[in-house]
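Trainee: Turn this into a model:
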Amino acid sequence: VEVVVCKLLYYLSRQKCFPREREGTLTKTALCIHHLLGVMADFGNLLRDALQQDDDQLPLSGLDAVPEDEEYEQLKNWWVQELASPGDLMPYNDDIMSMHLELLDGQEHIIEELLSSGGGGNNSLGDDDDVDASSHVALEVSVYRTEMDRLRFLLADLTRTRLAKIERFALYIRGSEEMLRRLSKAELNYLAGYGKLMEQHLHRSVLQYLPKSFRAIDKPEMIDGPNMDEYVFCHVLETVEIETGYQEEDSQEDYADIHEHSAGTSLIVRYSTIKDHLDEGKIALLY
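Mentor: From the prediction side, this is the model:
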């Protein structure tokens with residue numbers, strides 16, 4: 001029953017009461033309530049029929065057929081990759097970020113419309129009808145707010161994780177063309193401002209007291225970058241070949257060993273050996 005209820009709420013919040021087409025029109029309150037009541041009635045019939053059958057024959061095929069939100073899955077995958085990568089930044093996806101910010105704004109407008117209607121704006125309705133309508137509106141608002149809270153947390157934590165990496169490896173990112181291409185315009189501005197403030201702080205606190213030859217902070221040997229040889233958990237999405245290098249004791253010679261891993265395999269490997277496969281979408285990090 002819990003599985004059915006969860007899928008019902010997801011279906012209402014993502015499919016019925018907020019259309020995927022974004023043409024400036026928002027769902028009307030009456031239409032939302034109509035969809036809500038219709039789906040709840042179908043759910044009641046589904047549950048009534050299910051109780052008369054064996055558990056193995058529970059008719060969930062209709063709810064299982066609800067399509068997944070591909071954009072949200074992309075956003076969630078981006079978030080996981082940022083959390084799992086050892087200081088490396090994932091490419092910024094402006095389309096996914098903008099779409100979900102617009103989605104939040106649209107849901108806020110819908111909640112305002114629902115609350116302003118109050119479910120009791122029609123004086124011709126009886127007291128019982130007013131109570132029922134208000135209950136339906138409260139349920140819709142609760143579903144929307146739950147969805148918004150989940151999305152806000154994901155967007156905020158994704159942004160916070162990326163900014164933490166920028167602050168920690170500001171000098172390294174500033175000197176790497178590859179890393180700069182992975183930043184958004186806002187993140188580039190943040191990096192420039194943060195780097196300037198850090199230089200001023202270091203100069204006032206330490207560098208001004210040192211000889212001029214020791215005041216440089218942008219030399220490669222002085223810059224702290226992410227540890228690309230850190231071990232990570234990953235899941236293979238497509239068959240790939242991963243090169244694992246090692247060095248024998250009492251020897252300066254490096255040895256390379258290439259292994260093929262099929263889709264569905266989970267591994268613990270050094271990040272540097274899978275970075276290219278990760279960028280190509282053949283491997284996903286696990287967190």
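
Trainee: ok now do Leu158, which residues does it touch?
Mentor: By CB atoms under 8 Å, 6 or more residues apart in numbering, the residues touching Leu158 are 75, 78-79, 82. Backbone N, C-alpha and C define where each C-beta goes, glycine included.

Trainee: for Ile166, helix, strand, or coil?
Mentor: Of the three states, Ile166 takes helix under DSSP: H, G, I helix; E, B strand; the rest coil.

Trainee: what sits against it?
Mentor: Counting by CB under 8 Å, 6+ apart, Ile166 makes contact with 89, 173, 183, 187, 190-191, 194.

Trainee: Repeat the analysis, applying 6 Å as the threshold.
Mentor: Leu191 (CB atoms under 6 Å, 6 or more residues apart in numbering).

Trainee: just Thr273 next, same as before
Mentor: Shown in contact with Thr273 (CB under 6 Å, 6+ apart): 242-243.

Trainee: likewise Ser266?
Mentor: Listed by CB under 6 Å, 6+ apart, the contact set of Ser266 reads His235.

Trainee: could you measure it against Ile258, distance?
Mentor: 19 Å (CB to CB, to the nearest Å).

Trainee: again with Glu167
Mentor: For Glu167 relative to Ile258 (CB to CB), the value is 37 Å.

Trainee: so which helix or strand takes in the residue nearest to Gln74 when sequence neighbours are not counted?
Mentor: Once flanking residues are discounted, Gln74 sits nearest to Ile96: 5.4 Å by CB to CB, 6 or more residues apart in numbering. Assigned by DSSP states H and E, Ile96 belongs to helix 94-117.

Trainee: Show the backbone phi and psi for Asn227.
Mentor: phi -80, psi 100 (degrees, to the nearest 10).

Trainee: How many residues are close by it?
Mentor: 13 (other CB atoms under 10 Å).

Trainee: does it really touch Pro86, like I thought?
Mentor: Yes. Look at Asn227 against Pro86 with CB atoms under 6 Å: they come within range, at 5.4 Å.

Trainee: what comes up buried for the helix holding Ile96?
Mentor: Buried residues in helix 94-117, counted by 16 or more other CB atoms under 10 Å: 96-97, 100, 103, 106-107, 110-111, 114, 117.

Trainee: Let me know the closest of those residues to Thr159.
Mentor: Lowest distance from Thr159 to those (CB to CB) belongs to Met97, with 8.8 Å.

Trainee: Would you mind measuring from that closest one to Glu71?
Mentor: Counting by CB to CB, the gap from Met97 to Glu71 is 10 Å.

Trainee: sorry, back to before: didn't the residue nearest to Gln74 look like it was pressed against Leu75?
Mentor: Yes. Using CB under 6 Å, Ile96 is in contact with Leu75, at 5.2 Å.

Trainee: circling back to that earlier point, identify all contacting residues around the helix holding Ile96.
Mentor: Contacts for helix 94-117 (CB under 6 Å, 6+ apart): 26, 29, 71, 74-75, 137, 140-141, 144, 148.

Trainee: now do stretch 175-191
Mentor: By CB under 6 Å, 6+ apart, the surrounding residues in contact with stretch 175-191 are 89, 91-92, 166, 173.

Trainee: Any chance of the residues you listed in TSV with distance to Phe233 as columns?
Mentor: Below are these laid out as TSV (distance: CB to CB, whole Å):
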residue	distance to Phe233
Leu89	19
Pro91	21
Tyr92	24
Ile166	24
Ile173	25
